[in-house]
Every structure is written in C-alpha cells, then in structure tokens.
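Asks: Generate a structure from the sequence data that follows.
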Amino acid sequence: SDQIQTITVIDNTPPVFTRPPDTEVYTDPACGYDASPSEAGDVFDETDNCSTGLEASYSDVVDNSDPCNITITRTWSLADDCGNAAADQAQTILVRDLNAPVITCPPDEAIAYGTNPVPAVTGEATALDDCDNNPNITYSDIIIDGACAGNYEIRRTWTAIDQCENEDFCIQSIFVQDVEPPVITCALVGNQTVEANSGNQYTHPDGSWDATVVENTGVYTLNTTLTGATESGPHENTLEGVVFEEGVTTVIWTAVDDCGNPATCSFTVTVNASADLSITKTADSVTAITGEELVYTLEVSNAGPSAAQNTVIEDNIAVFANPEYALSTTGPWEPWSGTYTLTNPLPVDETFTLYIRGFVPVDQCTDITNTASVSSDNADYNMEDNEATLVTPVTDNQPPTISGELPYFVECVDMLYRAVYDLSLIHISEPTRPY
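Replies: Numbers count the residues shown, from 1 in each chain. Here you go, the predicted model:
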C-alpha cells in the first residue's frame, strides 16, 4: 500500500537589513525636533529568502541629560514571516540645539555727560530662547570720540548666549552730550573801589580778582573783557597786570568748555584817580626880622576822591642862603633843595606838613614874597588852591655900620672953623635944656 512521507521545509534563515547611519538632527526655534526616520534615516534594504514586503521596526531610548546634545539610541529590528529575527542594530541620533537666542536691543539713547551709562539708565537688552528660559545677556562698549571731550558715542554690543553656547548680538548707540556749562565764580561781588596807582590809572598787581571755574570735562578756556571806562580784552586767565582807567569798568569773566557751553560772571571796578590837592603857607612871625630866623609851615591836604600818588611840594625861597626843612618842628633838619616828594601816597582827607626855615639876610630891606605849590601824578580838576603865595613884611632892626678911619679931633675942630656956612639953610630951634 502507498505510504505517505511528510517532508517539512523549515525556514530558519533570518532576514537581512542595514540600519541607517548615525546622524544628527536639530531643534527648531520652538525647541522641538523631528527624529522620525524620514529625518534621521530609514531602512530600505530589508531582504529575506522567503518573506517579502518586510519592514524593519525600531524602538528609541532617549537620554536628555544634556539638553544641548540629546542622544537617541534607536534599535532597529526585523523578523521574517517565519519568526526568524535578524540581529538588532542600534542607530545613534544626536539632537542638537543650534538655534541662537533672539536678542532685542534697547533703543538708542542720548544722555548728558557725567551720567552713569549703566543699563538701568540707558536700557536693558532682552533675549528669547525656547530651549533656555534664561539665556545669559552681556554687553561690551567701545568709545567713538566726538568733536569735543564731552561729546562721544558709546557703541554698546549686547550679546545673548544660551546654554548650548549659541549666541546672538545687537548694537545699541548711546550718545553722550555735554550740555552743562562750566560753573564760574567771580572773586568779587558787586563793586570794588580802588585808588589809582599809576597816574590816572590802576594796574592790578596780582591774581586776586581772577575767576575760578569748575568744568565737568576739565577742558575749558577762561578770559575776561573790560567795558565801560576801560575797553580792553579779552585777557586770558588772569587780570594780573591789566590796566584800569579812571571811572567805572565792568569786568566780565567768560568760561567756555570745549563743547561750546559758556558761563559768565561779572563785577565792577571803580578807579578813583583824581586828587584835589591844596596847599597853605604860613610864617611863624607876621613880620620877618632881618638877621633872625624865619620858619615857614606848608600844609598840603587831599580832598580826594583818590589818594595822591607821587605828591611833590615846591617852594623856592631864594632869600634864604642855606634853607633847611623838617617834617617836625623838632627836626631833624635837612638841607632844602626847593622840592620834596612824599614817600607814600597822600590819603584822602589827610594833611601833610612840611617846615622850612632860614635866616633873613641883614640887608633884606623889602618884603619877602614867594610861592609854594603842590602837584601829583593824579589829575587835579581844581587847580585854584594848588599854589599859596605869602608876602612877609621885613623889619630892619640892624644899626648902620661905619667903616673907615675917623679924623683926629683937632682936625675936626679946624674943619669946623674953616667952614663957610649958608645961614639961609640953617634952622636953629630952641634947645632943650637938660637942667
């Protein structure tokens, strides 16, 4: 009888496939990513000796401990219809964040020189990053010089860096402007009255009238201009050596910083240059006695309004052979040359006294007349009392002097006897009898 043999054909050959290569995918701006096979790679070469239409499958293990380098380990598997499984193959997919933060700069800003340009004043940049909620924002500055020390640009570069070292930057311009004028202070307030010290002029001897300046940049020019009685300037930095004319002069100090911001202060100077001098002259005796000493007193007064500079007293007393002068009646007495110059200015409302003495000649038979005068370097608008003329009568108390040899008595008697008399010329009066 027929016998039946059963032959079992067993497929024990696993399918064959090739995993996709290791690869990288990148996050999108929203910090999402697509690691699907269409992006990370798929298996296209599944083959099997028996089965057709096989599709490899995969499973993922995600390591996101490093948010900048998320590692997906993808295990690919393939089995045929008979359950024969190929050896699993692992694909490594690296997910990287290459998207920089989106940084927004504060608007450009203008600030005054001296203002601290910190972001709290000039504005803060902001940054958004979907993978990093707190990107690090820093800035750095460069200075671009302007036309002056107080005007310049701060070019501020803002940089945002996320946790994956992706960075973005923007530039903010901060314009610094010096709009503040210098602070100027005059040394004087109101009016300063001075006495002329050089004729009708006053020359200021030092820097005591100079203005002081405080400037925020430290760069400025300082000068002064004089108007009114004195027209001069500009004088740089100081009034030392500057000449003021008689009258009222306005002093205007001007400080200008290098950005052109000006500041001024002012005061007035009144120069009293004229001096109304007067002189009087008296003698210590109403009548001069021949052969005796005569002392003159000269008094010079100054009615102002200015102290008299280089006051000169003149008195040429020609009648005295060897005149002397003194500033006190007790001396010391010095030879008188005809002029005397005061060693110091004669202040207003003060009097200077000078004494001149000499002996009246014994043969002085006429009145003594002479004129004393006073002058100074100042203008004197009243010259009527700048001279004093004194006439001193002279009394001759000196007996006559007989010179030569007297004749002998006998000769005198003889001459009387021999004389011829003209009786018409002789008047005989009744003598006064002594007894």
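
Asks: Kindly check the end-to-end length of stretch 47-54 for me.
Replies: Distance between the boundary residues of stretch 47-54 (CA to CA, to the nearest Å) amounts to 7 Å.

Asks: Okay, buried residues for that stretch please.
Replies: 48, 51, 54 (16 or more other CB atoms under 10 Å). Bear in mind the C-beta positions are built from the backbone N, C-alpha and C, glycine included.

Asks: would you list those residues in a markdown table and tack on secondary structure?
Replies: Output for the buried residues of stretch 47-54, formatted as a markdown table (DSSP: H, G, I helix; E, B strand; the rest coil):
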| residue | secondary structure |
| --- | --- |
| 48 | coil |
| 51 | coil |
| 54 | coil |
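
Asks: Turn those into JSON lines, including pLDDT.
Replies: Listed next are the buried residues of stretch 47-54 as JSON lines, based on pLDDT from 0 to 100:
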{"residue": "48", "pLDDT": "94"}
{"residue": "51", "pLDDT": "91"}
{"residue": "54", "pLDDT": "94"}
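
Asks: now the residues you listed in JSON lines, with distance to residue 23?
Replies: Compiled in JSON lines, the buried residues of stretch 47-54 are given as follows (distance: CB to CB, whole Å):
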{"residue": "48", "distance to residue 23": "26"}
{"residue": "51", "distance to residue 23": "28"}
{"residue": "54", "distance to residue 23": "23"}
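
Asks: of all those residues, which comes closest to residue 21?
Replies: Nearest to residue 21 among these, counting by CB to CB, is residue 54 at 20.4 Å.

Asks: tell me the contacts of the closest one?
Replies: For residue 54, the contacting residues are 15, 17, 46-48, 78-81, by CB atoms under 8 Å, 6 or more residues apart in numbering.

Asks: Narrow those to those that are buried.
Replies: Applying 16+ other CB under 10 Å to those flags 15, 17, 46, 48, 78-80 as buried.

Asks: residue ranges of the helices in this structure, please?
Replies: 37-40, 119-122, 409-418 (DSSP state H).

Asks: Which of those comes out lowest on mean pLDDT?
Replies: Of all these, the minimum mean pLDDT falls on helix 409-418 (a mean of 58).

Asks: Find the pair from the contacts of residue 54 with maximum spatial separation.
Replies: Among the contacts of residue 54, 17 and 81 lie farthest apart (CB to CB), at 14.7 Å.

Asks: Give me the neighbour count for residue 240.
Replies: 14 (other CB atoms under 10 Å).

Asks: Skipping adjacent residues, who's closest to it in space?
Replies: Distances taken as CB to CB, 6 or more residues apart in numbering place residue 207 nearest to residue 240, at 5.0 Å, with adjacent residues excluded.

Asks: circling back: for the contacts of residue 54, give me a markdown table that also has distance to residue 170.
Replies: Listed next are these as a markdown table, based on distance: CB to CB, whole Å:
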| residue | distance to residue 170 |
| --- | --- |
| 15 | 56 |
| 17 | 50 |
| 46 | 51 |
| 47 | 56 |
| 48 | 59 |
| 78 | 52 |
| 79 | 56 |
| 80 | 59 |
| 81 | 61 |
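
Asks: Specify which member of these is nearest to residue 144.
Replies: residue 17 (64.0 Å).

Asks: Hmm, that closest one is touching residue 48, no?
Replies: No. Applying CB atoms under 8 Å as the test, residue 17 and residue 48 come out as separate, 9.2 Å apart.

Asks: tell me the contacts of the closest residue in space to residue 296 that isn't next to it in sequence?
Replies: Closest residue to residue 296 apart from its sequence neighbours, by CB to CB, 6+ apart: residue 356 at 4.6 Å. Neighbouring residues of residue 356 by CB under 8 Å, 6+ apart: 295-296, 298, 315, 317, 320, 323-325, 336.

Asks: which residues does residue 39 contact?
Replies: Neighbours of residue 39 in contact, by CB under 8 Å, 6+ apart: residue 25.

Asks: One more pass at 10 Å, please.
Replies: 23, 25-26, 33, 93 (CB atoms under 10 Å, 6 or more residues apart in numbering).

Asks: got it, and residue 194?
Replies: Counted by CB under 10 Å, 6+ apart, residue 194 has contacts 202, 204, 244, 269-273, 306-307.

Asks: With residue 201 as the reference, measure out to it.
Replies: To residue 201, residue 194 is 11 Å away according to CB to CB, to the nearest Å.

Asks: Equivalent analysis for residue 131, please.
Replies: Distance check for residue 131 against residue 201: by CB to CB, it reads 85 Å.

Asks: do the same with residue 103
Replies: Distance from residue 103 to residue 201, by CB to CB: 71 Å.

Asks: How about residue 85?
Replies: For residue 85, the distance to residue 201 equals 122 Å [CB to CB].

Asks: before we move on, what about residue 208?
Replies: To residue 201, residue 208 is 18 Å away according to CB to CB.

Asks: Please apply the same query to residue 11.
Replies: Taking CB to CB, one finds residue 11 at 132 Å from residue 201.

Asks: Residue 132 now?
Replies: From residue 132 to residue 201 the distance is 81 Å (CB to CB).

Asks: Tell me which of those two has more neighbours.
Replies: Using other CB under 10 Å, the more surrounded residue of residue 132 and residue 201 is residue 132, with 21 against 15.

Asks: give me phi/psi at the more buried one?
Replies: Per-residue torsions, residue 132: phi -140, psi 110 (degrees, to the nearest 10).
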